[in-house]
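> below are the sequence and a predicted model; questions follow.
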Amino acid sequence: MSINEITPPGQLDPAGLMRLMTWLGPSFPVGAYTYSHGVEYAIEDGWVKTRDSVITWIEGVLAFGAGRIDGVLFCQAYVAAKQDDLDALIGIGIDADCRRGTAEMALEATAQGRAFVSTVSQVWDDPLLARWASSLRGLDRLPSYPVAVAIAAAGIGVDLRSALTAFFHAMSANLVSSAVRLVPLGQTDGIRAVAALEKAVEMAVERAIETDPEDIGACAPLVDWTSMKHETQYTRLFRS
């Protein structure tokens, strides 16, 4: 069954939309603001220092780095959740736990994943998300953030394209927010950067939906390198 058969475009329930906005908003307690995804070291080392270089860097993350992997994982998890296939979701969760290039990237994905599952479980009733997280704990695995969001989104009347667009938009906006504080950029330049990234987000969504899971992979060695260098960076504001 294709992704479009599982989740036809255009089916967006207002209540589901509000919940998705809550989950991916800056006030939701996953600690997204504490992670820069290597941007902090990229700025210190001079790779990122202007609005245009911020945009280029984040475009690279979406097209070639974590965005490329997380998007495919998100799609797989969404479809499996729609089919209530817990075994498939466990396999996707294990795969996601293995697909991080550095220790800090792994922390970023799993710490946010655990916080997301914990908060959703305390406020809303999502039995599948709870069963999935419990199964992973039994295997000594941690829940990955994009997979957790996809499972939750599948149950609230939001189609896949809308859910993944919101996820990537939140991801890119958070990285821009890091750059606003570190470059520093003004607030208006930050919003200009977010606006300029709209097309990159759209392209990342379409690429993720069209990618065969067998072809999952990324190629962003400079992003991984800045993440590794960040581990020993002397002065740091962020956890990654």
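Yep, it's here. None of these values were measured; they are calculated from a predicted model.

> what mean pLDDT does the helix or strand harbouring residue 69 have?
Element membership for residue 69 (DSSP states H and E) is helix 66-82. Regarding helix 66-82, the rounded mean pLDDT is 96.

> now for it, which elements pack on it?
Counting contacts by 3 or more C-beta pairs under 8 Å, 6 or more residues apart in numbering; DSSP states H and E, helix 66-82 packs against helix 3-6, helix 86-98, helix 145-154, helix 160-182, helix 198-210. C-beta coordinates here come from the backbone N, C-alpha and C atoms, glycine included.

> quick one, what contacts residue 44?
residue 233 (C-beta atoms under 8 Å, 6 or more residues apart in numbering).

> that one and residue 36, how far apart?
11 Å (C-beta to C-beta, to the nearest Å).

> if we can go back for a sec, quick one: the helix holding residue 69 to helix 86-98, angle?
If you take axes from the mean of the first three to the mean of the last three C-alpha atoms, to 10 degrees, helix 66-82 sits at 170 degrees to helix 86-98.

> next, the angle from helix 66-82 to helix 198-210.
Using the same axes, to 10 degrees: helix 66-82 against helix 198-210 is 50 degrees.

> please point out which parts of helix 66-82 sit buried.
66-82 (16 or more other C-beta atoms under 10 Å).

> tell me which helix or strand in the chain has the weakest average pLDDT.
Within the chain, no helix or strand scores below helix 3-6, which has a mean of 55 by mean pLDDT, DSSP states H and E.

> and the next helix or strand past that helix?
helix 14-24.

> that following helix packs against which elements?
Secondary-structure packing of helix 14-24 (3+ C-beta pairs under 8 Å, 6+ apart): helix 145-154, helix 160-182.

> for that helix, which positions count as buried?
Buried residues in helix 14-24 (16+ other C-beta under 10 Å): 16, 17, 19, 20, 23, 24.

> give me the lowest-pLDDT entry from the residues you listed.
residue 16 (86).

> what residues are up against that residue?
Contacts of residue 16 (C-beta under 8 Å, 6+ apart): 153, 156, 157, 158.

> show me which of these are buried.
By 16+ other C-beta under 10 Å, the contacts of residue 16 give 153, 156, 158 as buried.

> quickly note the distance from the last one to residue 78.
Per C-beta to C-beta, residue 158 is found 9 Å from residue 78.

> next: the second one.
Residue 156 sits at a distance of 11 Å from residue 78 (criterion: C-beta to C-beta).

> same deal with residue 150?
Taken as C-beta to C-beta, the span from residue 150 to residue 78 is 4 Å.

> any residues in contact with both of the two?
Joint contacts of residue 150 and residue 78 (C-beta under 8 Å, 6+ apart) are 163, 164.

> how many neighbouring residues does residue 36 have?
27 (other C-beta atoms under 10 Å).

> need phi/psi at it.
Backbone torsions for residue 36, taken as degrees, to the nearest 10, come to phi -120, psi 0.

> shouldn't it be in contact with residue 233?
No: with contacts counted by C-beta atoms under 8 Å, residue 36 stays clear of residue 233, the gap being 10.4 Å.

> quick one: whichever strand or helix holds residue 121 to chain centroid distance?
Following DSSP H and E, one finds residue 121 within helix 103-123. Between the centre of helix 103-123 and the centre of its chain there are 11 Å (C-alpha atoms, centre = their mean, to the nearest Å).

> which residues are contacting that helix?
Residues contacting helix 103-123 (C-beta under 8 Å, 6+ apart): 23, 28-32, 35, 37-38, 66, 96-97, 100, 126, 129-130, 133, 142-149, 152, 224, 227-228, 230-231, 239-240.
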